[in-house]
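Participant: All I have is the shape, not the residue letters:
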């Protein structure tokens with residue numbers, strides 16, 4: 001792997017770890033004006049338009065019909081069924097429970113790596129890392145009692161669980177398909193699929209009746225632009241790049257780091273308190289992620305292609 005490619009990989013990981021974590025705050029600022037599915041559809045629509053304006057027309061003309069259909073299908077599941085439903089469900093499910101469900105993403109990735117690619121043998125070190133990271137996520141969000149789960153509405157809980165399933169499946173399955181070689185062309189077409197899925201579900205749920213036009217103030221506009229440019233173009237560009245070059249279960253470790261960033265931003269902008277529990281849980285998560293990475297490297301299943 002060349003130094004330039006290694007720099008791209010490291011930069012992409014930093015983006016999905018830290019920039020992605022900041023999107024939780026931005027999403028929260030949009031939902032009071034635009035319901036979840038329409039909000040996610042708007043986010044990906046703006047991002048897709050920006051990418052199509054930016055990329056050269058020749059890149060688009062090089063895309064075959066098969067590649068376009070594959071990217072649309074992946075985006076339909078990844079950015080539609082894997083993102084919109086979570087934005088809808090977090091209104092009904094406590095943040096801690098949501099974080100717990102999403103924290104098991106790497107486990108889903110390992111399962112699909114095995115089923116679809118017949119690989120992803122973990123080893124003891126990575127398994128210990130996953131366990132520590134999940135425990136740290138639970139502690140971070142204050143889930144120390146199993147009774148916290150008995151108070152969660154069943155439907156939103158299942159929605160988040162199924163969304164994680166689609167997210168992991170689409171990520172691993174998509175890495176096996178023939179898609180546009182140019183990364184951002186692939187991302188833009190995926191976003192088109194995500195827009196279609198979110199708008200379809202939003203229309204079915206009647207979200208157009210719930211839009212609060214008076215809530216579309218300066219803060220809302222800035223949040224949407226942030227989600228579109230940084231939380232979509234930048235983040236999904238980095239994520240898609242990593243999915244093509246790194247073991248997908250390792251890429252999924254972003255689900256552990258993102259809540260730490262979200263908590264820090266809550267402290268920075270919303271005056272939420274950071275205490276000893278949060279510091280300890282953050283250290284646990286980061287230690288677990290390190291062990292997962294070390295475990296993959298030792299097992300030889302860390303895939304890095306130039």
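Facilitator: Thanks, I have it. Since the model is a prediction, treat every value here as computed from it, not as a measurement.
Participant: where exactly do the strands run in the stretch 101-250 of the chain?
Facilitator: Taking DSSP state E, counting those that start in this stretch as the criterion, the stretch 101-250 of the chain carries no strands.
Participant: give me the low-pLDDT residue ranges for it?
Facilitator: Within the stretch 101-250 of the chain, the segments meeting pLDDT under 70 span 101, 103, 119-123, 126, 137-138, 140-152.
Participant: residue ranges for the helices of it, please.
Facilitator: Along the stretch 101-250 of the chain, counting by DSSP state H, counting those that start in this stretch, helices occupy 105-117, 124-140, 147-150, 154-174, 183-204, 218-228, 235-245, 248-251.
Participant: can I get those in JSON lines with mean neighbour count?
Facilitator: For every residue, glycine as well, the C-beta is placed using N, CA and C. Below are the helices of the stretch 101-250 of the chain laid out as JSON lines (neighbours: other Cβ atoms under 10 Å):
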{"stretch": "helix 105-117", "mean neighbour count": "20"}
{"stretch": "helix 124-140", "mean neighbour count": "20"}
{"stretch": "helix 147-150", "mean neighbour count": "11"}
{"stretch": "helix 154-174", "mean neighbour count": "20"}
{"stretch": "helix 183-204", "mean neighbour count": "23"}
{"stretch": "helix 218-228", "mean neighbour count": "17"}
{"stretch": "helix 235-245", "mean neighbour count": "22"}
{"stretch": "helix 248-251", "mean neighbour count": "26"}
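Participant: Just give the closest residue to residue 108, not the sequence neighbours.
Facilitator: residue 168 (3.5 Å; Cβ to Cβ, 6 or more residues apart in numbering).
Participant: So which of the helices of the stretch 101-250 of the chain is nearest residue 9?
Facilitator: helix 235-245 (6.5 Å; Cβ to Cβ).
Participant: Quick one: work out the angle between that closest one and helix 154-174.
Facilitator: 50 degrees (axes from the mean of the first three to the mean of the last three Cα atoms, to 10 degrees).
Participant: Can you give the contact residues for stretch 167-176?
Facilitator: With contact meaning Cβ atoms under 8 Å, 6 or more residues apart in numbering, stretch 167-176 is reached by 70, 74, 77-78, 81-83, 105, 108-109, 111-113, 116-117, 243-244, 248, 251-252.
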